[in-house]
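Asker: Output the structure for:
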Amino acid sequence: MKKNPTVELKLPILKDMELVATHTSDVVAKHMKLSEEKSAEISMALIEACINAFEHSETKEDIYIHFIISDENLTIKVIDRGVGFDASAIELPNIDQKLTDERKRGWGLMLIKELMDKVDYESDNTGTTLTMTKNKKTDE
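Answerer: Predicted coordinates:
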């Protein structure tokens, strides 16, 4: 087997297509012998990442997801060919306002950062690549 095998998905922007990504992450997590808790955290972060790409990229093209497996961690790249975003313009949601707001969205990046061990993103007018990493071992 390859040292760092990669699983690649190409997802059209269709309703519930993020579930294909989470099913794949569950299979990969089992292969890596990750705990159910880590697997669930990966799935939640992946749902947020996919929904962000679907809703905010303004692209009609497919979204690409790469699962890069290593002995130490799982790295997931979510890639879109959309309009990109300015990270400095993203504001943290106001918790009090969000609790009473009918639109509960706006937590995506903050939630992803809480669920994953490392999160980076590169974005410009040709698209965005969100890179999320979950370590096999917990840092304690």
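Asker: Now do the contacts for N135.
Answerer: Contact analysis of N135 by C-beta atoms under 8 Å, 6 or more residues apart in numbering lists E72, N73, D117. Quick note: C-beta positions are derived from backbone N, CA and C, even for glycine.
Asker: how about 6 Å then?
Answerer: By C-beta atoms under 6 Å, 6 or more residues apart in numbering, the contact set of N135 is N73, D117.
Asker: And the next helix or strand past the lowest-mean-pLDDT helix or strand in the chain?
Answerer: The weakest-scoring helix or strand in the chain, judged by mean pLDDT, DSSP states H and E, is helix 95-100 (a mean of 53). Next helix or strand after helix 95-100 toward the C-terminus (DSSP states H and E): helix 108-115.
Asker: buried ones in that following helix?
Answerer: The neighbour-count check on helix 108-115 (16 or more other C-beta atoms under 10 Å) flags G108, L109, L111, I112, L115 as buried.
Asker: I42: which of the residues you listed is nearest?
Answerer: Among the buried residues of helix 108-115, L115 lies closest to I42 (C-beta to C-beta), at 7.5 Å.
Asker: I'd say the closest one and A45 touch.
Answerer: Yes. Using C-beta atoms under 6 Å, L115 is in contact with A45, at 4.2 Å.
Asker: Show me the shaky parts of the protein.
Answerer: Scanning the chain for pLDDT under 70 picks out 1-2, 87-107, 139-140.
Asker: and the longest helix seen in the chain, what does it pack onto?
Answerer: Of all segments of type helix in the chain, defined using DSSP state H, the longest is helix 36-56. Secondary-structure packing of helix 36-56 (3 or more C-beta pairs under 6 Å, 6 or more residues apart in numbering; DSSP states H and E): helix 18-31, strand 73-80, helix 108-115, strand 127-135.
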